[in-house]
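In: sequence plus predicted model, see below.
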Amino acid sequence: MFVRNLGFAVFLACAMPPAVAEAVPAETFLGIFDRGSSQIDPSAVPNLKNIVQLHHSARPSFTIVDNCDASEKAPERLSLARANAIRAPLLGYGVSSAVRFVVKGAGASDPMVPTGPNVSEPQNRRVIIDVAN
């Protein structure tokens, strides 16, 4: 009986397709930046360190996209500066410089909460970090 069960288990292991790694959804972070600033809020540091710890053993690629709200001046330039501001500490927390980074600034073109012009909406000031292993 034991030999038959073992044979069946071996057959199943051989017949099943290899496991496919599950895609990890992009993470969205709010409250990392104050209005008009590209300085990272110190309260956001643990979240950034957590990303590094989760992907430390893999050779991931990072896509970092920052979004501004409609009230911020020069949103395209500011959002690119913010995305680059996220990249720098990730390297400092242990991500290899050989890892591929894609850094984008979306400006105010993709609001989470639609607003009128010059309306400050903190939820629209967000960073999306997508990690692909």
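Out: Happy to help now that I have it. Numbers count the residues shown, from 1 in each chain.

In: helix/strand/coil for Val131?
Out: Assigned state for Val131: strand (three-state reduction, DSSP: H, G, I helix; E, B strand; the rest coil).

In: so what sits opposite it in the bridge?
Out: For Val131, the beta-bridge assignment (DSSP bridges) gives partners Phe62.

In: show me what contacts it?
Out: For Val131, the contacting residues are Val24, Ala26, Glu27, Ile51, Leu54, His55, Pro60, Ser61, Phe62, Thr63, taking CB atoms under 8 Å, 6 or more residues apart in numbering as the criterion. For every residue, glycine as well, the C-beta is placed using N, CA and C.

In: hang on, isn't the last one packed against Val127?
Out: No - Thr63 sits out of contact with Val127 when judged by CB atoms under 8 Å, with a separation of 10.9 Å.

In: count the neighbours of Leu30 for me.
Out: 13 (other CB atoms under 10 Å).
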